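>>> Got a predicted structure plus its sequence, pasted below:
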Amino acid sequence: MAGLADVVGLNKYLGWYVEHGDLTDVPERLARELTDFHEKFHKSILVTEFGADTIAGVHRLPAVAFSEEFQVDFIRTYHETIKTLPFVVGEHVWNFADFMTKQGVTRFDGNKKGVFTRDRQPKMAAHWLRDAWK
């Protein structure tokens, strides 16, 4: 279907669902995967989803998965990589706010990828995004 679209949306979760908690190779891998896709289809790309579940109020140094520091590192890594690729025309952090999902072993009390809590209180990532997008 990518050949039929003017712009292609891709969801990417390197460092979360793939190599969970490790951002070491994400810039190189993300740039390579997006570049390979662009070279194959010659289409502009919108990164339509990227994010990391974060428990509001959990802080760890060094940053670890589920901490607010890790969410900021994750989003910063993607944002800084994406802006080096001229064929990537936009990014959409997943998600605005935490939301409820069905119960399961991979989710406790819903999806926590929001940069705001379900009560619309900002996490560290919301503040970082405000500054990055000024």
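Nice, thanks for sending it over.
>>> So the closest residue to A132 other than its chain neighbours versus L61, what's the distance?
Take A132 and drop its neighbours on the chain: the residue closest to it by CB to CB, 6 or more residues apart in numbering is H79, 6.0 Å away. C-betas here are computed from N, CA, C, even on glycine. From H79 across to L61, the span is 21 Å (CB to CB, to the nearest Å).
>>> more crowded one of those two?
Remark: of H79 and L61, H79 carries more neighbours, 17 against 7, as counted by other CB atoms under 10 Å.
>>> so which helix or strand takes in the more buried one?
helix 68-82 (DSSP states H and E).
>>> Stretch 84-93 spans what distance, first to last residue?
17 Å (CA to CA, to the nearest Å).
>>> Distance from the chain centre to that stretch, please.
Distance of stretch 84-93 from the chain centroid (CA atoms, centre = their mean, to the nearest Å) equals 12 Å.
>>> I'd like the average pLDDT over that stretch.
What stretch 84-93 shows for mean pLDDT is 97.
>>> contacting residues around that stretch?
In this structure, residues lying in contact with stretch 84-93 by CB atoms under 8 Å, 6 or more residues apart in numbering are 7, 31, 34-35, 38, 43-51, 75, 78-79, 82, 115, 125, 129.
>>> same thing but 7 Å
7, 31, 34-35, 38, 44-51, 75, 78-79, 82, 115, 129 (CB atoms under 7 Å, 6 or more residues apart in numbering).
>>> Show the buried residues in the residues you listed.
L34, H38, I45, V47, F50, G51, I75, Y78, H79, I82, V115, L129 (16 or more other CB atoms under 10 Å).
>>> what's the spacing between the nearest residue to K112 once chain neighbours are set aside and Y17?
In space, and not counting its chain neighbours, K112 is closest to D53: 4.1 Å by CB to CB, 6+ apart. According to CB to CB, D53 stands 10 Å off from Y17.
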